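Asker: here are the coordinates; sequence isn't available:
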């Protein structure tokens, strides 16, 4: 895609994100300009994401800290930790009610109220490279390491993926253009230090 088209796409996406009530940073908009998703699809995903964030915030202003929401080509991935199975189901039901949604993958983990508050605190203040108890590699470190490794691979277009590490379990959504590319991505995830398991929602989408 020529540079001029990337610039136009970035401007359109920035307008869509801001008009939807989201706070966007320049790097995020620039990244979206290089994705394989069409501009129309990206705008739709932003609107779906915004609707969910508003719903979470209306319930509890800190709930978006507990529940990670990633939307890719109208498919929604929920991860994170939450202390109520009933609330998790309520959030999933709300997401499925959006007629634009193609699929919902709810991988939110149910934890105690104490664990939820601890994770909120760590995410709000910034998690250290390793947890203070033992030598367990933190989720933040795992996520950052995956990003570096995907970027370093010349055969993977990392902007087409979104991933989260929750208690060492990695969840990923996005699309690859070939089975080989998907295999490379999953191989990197599974061999990253600290990763206990990988759950994939990667589609194969031909260009």
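Answerer: That came in fine, so what should we check first? Fair warning: this is a prediction, and the values are worked out from it, not measured in the lab.
Asker: need the helix or strand of this protein with the lowest average pLDDT.
Answerer: helix 3-19 (a mean of 52; mean pLDDT, DSSP states H and E).
Asker: List the buried residues of stretch 51-65.
Answerer: For stretch 51-65, the neighbour count (16 or more other Cβ atoms under 10 Å) marks 51-53, 55-56, 63-65 as buried. (Each C-beta comes from the backbone N, C-alpha and C, glycine too.)
Asker: Around residue 164, how many other residues sit close by?
Answerer: 22 (other Cβ atoms under 10 Å).
Asker: Actually, residue 50.
Answerer: Per other Cβ under 10 Å, the neighbour tally for residue 50 reads 18.
Asker: Equivalent analysis for residue 68, please.
Answerer: Residue 68: 20 surrounding residues under other Cβ under 10 Å.
Asker: Is it correct that residue 158 is in contact with residue 148?
Answerer: No: the pair residue 158 / residue 148 is not scored as a contact, 9.7 Å apart, by Cβ atoms under 8 Å.
Asker: ok, the two, which is more surrounded?
Answerer: In this view residue 158 and residue 148 are compared by other Cβ under 10 Å, and residue 158 has more residues nearby, 19 against 11.
Asker: What residue, apart from its backbone neighbours, is nearest that one spatially?
Answerer: In space, and not counting its chain neighbours, residue 158 is closest to residue 150: 3.9 Å by Cβ to Cβ, 6 or more residues apart in numbering.
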